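Colleague: Pasted the sequence and its predicted model underneath.
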Amino acid sequence: MFKKRHITLVLIPLLGVTLMSGCSAVQAPITGSSIAKTTTAGAIGPQTALPTTVTEQTAKSGDTVKVDYTLKLDDGTVFDSSIGKTPLEFTLGAGQVIPGFNDAVLGMMVGQSKTVRLPPELAWGAYNATLVVTADKRQMGPGLNPTVGQHLTVTHSDGTTGTVIVTAVTDTTVTVDGNPPLAGKTITFDIKLLSITPAK
């Protein structure tokens, strides 16, 4: 459970928000082009079986992968995409992306694409109303005029920092929401695996 924490606003507007952003791993079938036939030295008689070697590498925990992705909401809105930008690079199993996305890439082969729909518990979690806080506008200090939709860095009472979004502003107060923008939402990812660097 989340604990409600006192929030002290700091005068550091963010320039942007990086969202990192599956289902059970799906093993794709091996096609004919994925099989390389090898032979041993010397003549091979007509009764000699040709051993086969699987040449396709699948993504596994500890590997570093690069993927292209498109993140869509249930109404079809594209929320984020790496298409035409820098691919997303991360290490599988290292906690660098949301759980469902990590699990979706496990077992994929280079060049493979898939679409996965993630419930909140496999994405950014349930919406937590206790992370919505209304603070005295004077705590923000002089010179800062927050606007609805603005992202701010805040300092919590335990000294840690986080990111909030301004949801309401009055003459005397500012209301901020510490939930991730996609908290409580079911989302869909289109994923294409571009490369695999095996774990050392």
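Modeller: All right, it came through fine.

Colleague: any idea how far Val166 is from Phe189?
Modeller: For Phe189, the distance to Val166 under the criterion Cβ to Cβ, to the nearest Å works out to 28 Å. Placement of C-beta: from N, CA and C, glycine included.

Colleague: quick one, which of those two is more surrounded?
Modeller: Phe189 (25 against 18; other Cβ atoms under 10 Å).

Colleague: What strands flank whichever strand or helix holds the more buried one, and is each parallel or antiparallel?
Modeller: Under DSSP states H and E, the secondary-structure element containing Phe189 is strand 187-197. Listed by DSSP bridges, the sheet partners of strand 187-197 and their directions read strand 64-73 (antiparallel), strand 113-118 (antiparallel).

Colleague: got the buried residues for the helix or strand following the last one?
Modeller: Beyond strand 113-118 on the C-terminal side, the first helix or strand identified by DSSP H and E is strand 132-136. Within strand 132-136, the residues that count as buried by 16 or more other Cβ atoms under 10 Å are 132-133, 135.

Colleague: Name the nearest of the residues you listed relative to Lys185.
Modeller: Lys185 lies nearest to Val132 out of the buried residues of strand 132-136, by Cβ to Cβ, at 16.3 Å.

Colleague: May I have the predicted confidence score for the closest one?
Modeller: Among the per-residue scores, Val132 holds a pLDDT of 95.

Colleague: Just the buried positions in the strand holding Phe189, please.
Modeller: Of all the residues in strand 187-197, those buried under the rule 16+ other Cβ under 10 Å are 187, 189-193, 196.

Colleague: same thing with stretch 169-182?
Modeller: For stretch 169-182, the neighbour count (16+ other Cβ under 10 Å) marks 169, 174-180, 182 as buried.

Colleague: ok, the residues you listed vs Lys114, which is closest?
Modeller: Proximity of the buried residues of stretch 169-182 to Lys114, judged by Cβ to Cβ, is greatest for Leu182, which lies at 19.8 Å.

Colleague: rewinding a little: which of the strands paired with strand 187-197 sits closest to Gln139?
Modeller: From the strands paired with strand 187-197, taking Cβ to Cβ, the stretch that ends up closest is strand 64-73, at 33.4 Å.

Colleague: mind listing what's buried in the closest one?
Modeller: Taking 16+ other Cβ under 10 Å as the basis for neighbour counts, the residues of strand 64-73 that come out buried are 64-72.

Colleague: And whatever helix or strand comes next after that strand, what does it pack against?
Modeller: Next in sequence after strand 64-73, counting helices and strands by DSSP H and E, comes strand 78-81. In this structure, strand 78-81 makes packing contacts with strand 64-73, judged by 3 or more Cβ pairs under 8 Å, 6 or more residues apart in numbering; DSSP states H and E.

Colleague: contacts for the strand it packs on?
Modeller: Contacts of strand 64-73 from elsewhere in the structure, counted by Cβ atoms under 8 Å, 6 or more residues apart in numbering, are 19, 21, 59, 78-83, 87-92, 101, 105, 185, 187-197, 199.

Colleague: Restricting to C-alpha, output that strand in PDB.
Modeller: Provided in PDB are the C-alpha atoms of strand 64-73 (Å, rounded to 0.1, in the frame of the first residue of the first chain):
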ATOM      1  CA  THR A  64      20.400  -6.300 -23.600                       C
ATOM      2  CA  VAL A  65      17.800  -5.700 -26.300                       C
ATOM      3  CA  LYS A  66      16.700  -2.900 -28.600                       C
ATOM      4  CA  VAL A  67      13.100  -2.600 -29.500                       C
ATOM      5  CA  ASP A  68      10.700  -0.300 -31.400                       C
ATOM      6  CA  TYR A  69       7.400   0.200 -29.700                       C
ATOM      7  CA  THR A  70       4.100   2.000 -30.000                       C
ATOM      8  CA  LEU A  71       2.000   2.500 -26.900                       C
ATOM      9  CA  LYS A  72      -1.800   3.000 -27.400                       C
ATOM     10  CA  LEU A  73      -4.700   3.600 -25.100                       C
END
